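J.: predicted model and sequence follow; I will ask about them next.
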Amino acid sequence: MGTQIKKVSEIPGPKSKEMLARRAAALPAGLGKSTEVVVEKAEGALVWDVDGNQLIDFAGGIGMVNLGHRPQVVVDAIKDQMDKYLHTGALVTTFEPYLEFAELLNKITPGDFPKKTLLACSGSEAVENAVQIARYYTKRPAVICFEGAYHGRTLLTLSLTSKYALFKKGFGSYAQDIYRFHSPNVYRKPDNFTEEEYIDFCIERFDQNLISHVDPSSVAAIIIEPVQGEGGFIPVPKRFLEKIRKVCDEHGIVFIADEVQAGAGRTGKFLSIEHSGVIPDMVTMAKSIGSGLPISAVTGRADIMDAPHLGGVGGTYSGSPIAVVAALETVKQINTPEFLAKSVHVGDAIRTRLNTMADKFSCIGDVRGIGAMLVVEFVKDRKTKEPDMDFAMAVIKKSVANGLILIRAGLYTNCIRFLPPIVITDEQLHEGLDVIENAIQEVLNERV
C-alpha cells in the first residue's frame with residue numbers, strides 16, 4: 001500500500017495557520033490544543049488536514065475512537081436514527097435504543113448480580129452521577145480518590161482530579177469531603193523496596209489513612225481508575241484493587257471503577273478492571289463507547305442504582321437517541337473476541353517497538369500499560385528518574401510535523417501516550433512508530 005503519511009505542505013500548512021489564527025481570536029486562551037493539526041476529515045486511523053496532508057492518528061481524540069474514525073456501522077446507525085427522531089427526552093418519553101444499550105451494559109460489565117444503567121453525556125457527568133448515587137445509597141458524605149487521578153472538570157470531579165497546576169489552579173474552592181490517598185506507582189517506588197514490598201507499603205498507608213484522614217464509617221465511595229489515564233497509564237496492582245474491594249466489603253463502601261479512558265476494549269478486555277478479577281459495585285464509562293459522540297454511562301448494582309428518589313437523577317440530553325444508537329453499535333463491535341484480540345495485538349506491537357527503543361535510547365525511563373493503552377516516559381537520568389517534559393514535547397512536535405498525531409500524559413507531563421484506533425493496520429502502526437523513533441533520535445542529536 002505504500003506510506004500512509006502523505007505530506008503536500010508543512011504541518012501546519014497555510015490554510016491550517018489561517019484557521020489557527022481564527023481559533024486564537026475566537027476561542028478562550030485556556031482551551032488547550034496538543035497539536036496544530038486542523039482537521040478536514042478522518043477515517044479509520046487516518047486524519048486529513050485542511051492543507052491536504054494525510055496523517056496517522058496515535059491520539060484518537062484522547063482515546064475516543066477505539067473503533068476508528070467514522071466506523072461505517074456507527075455512521076449507518078446514526079443516519080437511520082436521524083430519519084426517526086433526534087430528541088424526545090429520556091425524562092419525558094421512553095425509547096428502545098436507550099433500553100437496549102442499558103441491557104447490553106448490564107449484561108457485559110463484571111459481576112453476576114442484577115445491574116442497572118444510567119446514561120449521560122460526558123465522563124465527568126458519569127463520575128458525578130456515580131458519586132451522588134453512592135452518597136444517596138450509603139447516606140454518607142466522604143469520597144476517597146487517589147494521587148494522579150483524573151475524573152473530570154465539573155466542580156465535584158475536578159475536586160477528585162489530581163495534577164493541580166494543569167487542571168485545578170485558580171478554580172477553587174473545591175467540593176468538601178474528598179480524601180486523596182496514595183496510589184501505587186511501581187516505576188517510582190523507593191529503591192530499597194522490591195515491587196511486592198512497595199505494594200505492601202502502599203496498603204499499609206491506605207490503612208493508616210483510614211485513621212488519619214477519614215473513618216470508613218463516613219465513606220460513601222472509593223473511586224479509582226484501574227489504569228490511571230492522565231496520571232501516566234499506570235496500572236493499579238491487583239493486590240491494591242483487592243485491598244479496596246476488601247475495605248469496601250467490610251465497611252459498606254461503594255467501589256467505583258472509572259473506566260472512561262481505560263475501558264471500551266482498549267486494554268484487551270472490555271473493561272480494564274477485568275484483568276484483576278476484582279468486581280466493582282459501579283462502573284463509569286464514556287469516551288470510546290460512543291465512537292466520538294457525547295455519551296457516558298454508569299452501570300452498577302441494581303440496589304445502589306435504585307437508591308435515589310424518583311426524579312433524583314437524569315438530564316435533558318442524557319441518553320440522546322443519536323448518541324445511544326452510535327454507542328450501541330460501537331459496543332457490539334468492541335465486545336467481540338476478534339476486536340479484543342486485535343487490541344492485544346496492537347498493544348504487543350507497540351510495546352515490542354518501544355522496548356527496542358528503550359534499549360537504544362537512555363532518555364526512555366519506562367514503557368508501561370496494558371493492551372493497547374501504553375506510554376513511554378522520558379527522563380533526564382534513568383537512575384534519578386528526573387522527569388523530562390521538554391523532551392516529550394519536542395518529540396511530539398517533530399512527530400506531528402512529520403505526520404503523526406500524538407499527545408502527552410503523566411503527572412509530570414513527561415510521557416507520550418499511545419491510543420491509536422484499534423482498527424489501525426500493522427503498516428500504519430509501524431510507520432507511526434518509525435516517525436517516533438526518528439523524532440527521538442533527532443531531538444537527541446540537537447541536544448548534543
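T.: Cool, the structure landed. Numbering: from 1, shown residues only.
J.: report the beta-bridge partners for F378.
T.: Note on F378: beta-bridge partners by DSSP bridges are I364.
J.: surely it is in contact with C415?
T.: Yes. The pair F378 / C415 is scored as a contact, 7.2 Å apart, by CB atoms under 8 Å. The way it works is simple: take the backbone N, C-alpha and C, and place the C-beta from them, glycine included.
J.: overlap in contacts, these two.
T.: Here F378 and C415 have A392 as joint contacts, going by CB atoms under 8 Å, 6 or more residues apart in numbering.
J.: restrict the helix or strand that contains L158 to CA atoms and write it as CSV.
T.: Counting by DSSP states H and E, the element that carries L158 is helix 155-160. Extracted in CSV, the C-alpha atoms of helix 155-160 (Å, rounded to 0.1, in the frame of the first residue of the first chain):
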residue,chain,number,x,y,z
LEU,A,155,-16.8,21.0,40.5
LEU,A,156,-17.1,17.6,42.1
THR,A,157,-14.9,15.7,39.5
LEU,A,158,-12.3,18.5,39.4
SER,A,159,-12.2,18.1,43.2
LEU,A,160,-11.5,14.4,42.7
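J.: residue contacts, E36?
T.: I11, P12, S16, L20, V400.
J.: and the third one, that one's in a strand?
T.: No. Counting by DSSP: H, G, I helix; E, B strand; the rest coil, one finds S16 to be helix, located in no strand.
J.: ok, and what's touching the top helix by length along the chain?
T.: For the chain, the helix that runs over the most residues, judged by DSSP state H, is helix 337-360. With contacts defined as CB under 8 Å, 6+ apart, helix 337-360 is touched by 66-67, 265-270, 333-334, 364, 367, 369-374, 376, 418, 420, 422-424, 426, 429-430, 433, 436-437, 440.
J.: check whether the most centrally placed residue in the chain sits in a helix, strand or coil.
T.: The centroid of the chain falls nearest to Q261 when counting by CA atoms, centre = their mean (1.9 Å). Classification of Q261 by three-state DSSP places it in coil.
J.: name the nearest residue to it, sequence neighbours excluded.
T.: G229 (3.7 Å; CB to CB, 6 or more residues apart in numbering).
J.: which residues does P97 contact?
T.: Q81, P321, V324, V325, L328.
J.: ok, those vs Y164, which is closest?
T.: Among those, V324 lies closest to Y164 (CB to CB), at 35.6 Å.
J.: what residues does that closest one make contact with?
T.: With contact set as CB under 8 Å, 6+ apart, V324 has these partners: P97, Y98, F101, L119, I295.
J.: break down the stretch 151-300 of the chain into its helices, ranges please.
T.: With DSSP state H, counting those that start in this stretch as the criterion, the stretch 151-300 of the chain has helices at 155-160, 164-167, 195-212, 238-251.
J.: list the helices and strands the longest one packs on?
T.: Looking back up the chat, that one is helix 195-212. In terms of contacts (3 or more CB pairs under 8 Å, 6 or more residues apart in numbering; DSSP states H and E), helix 195-212 is packed against strand 178-181, helix 238-251.
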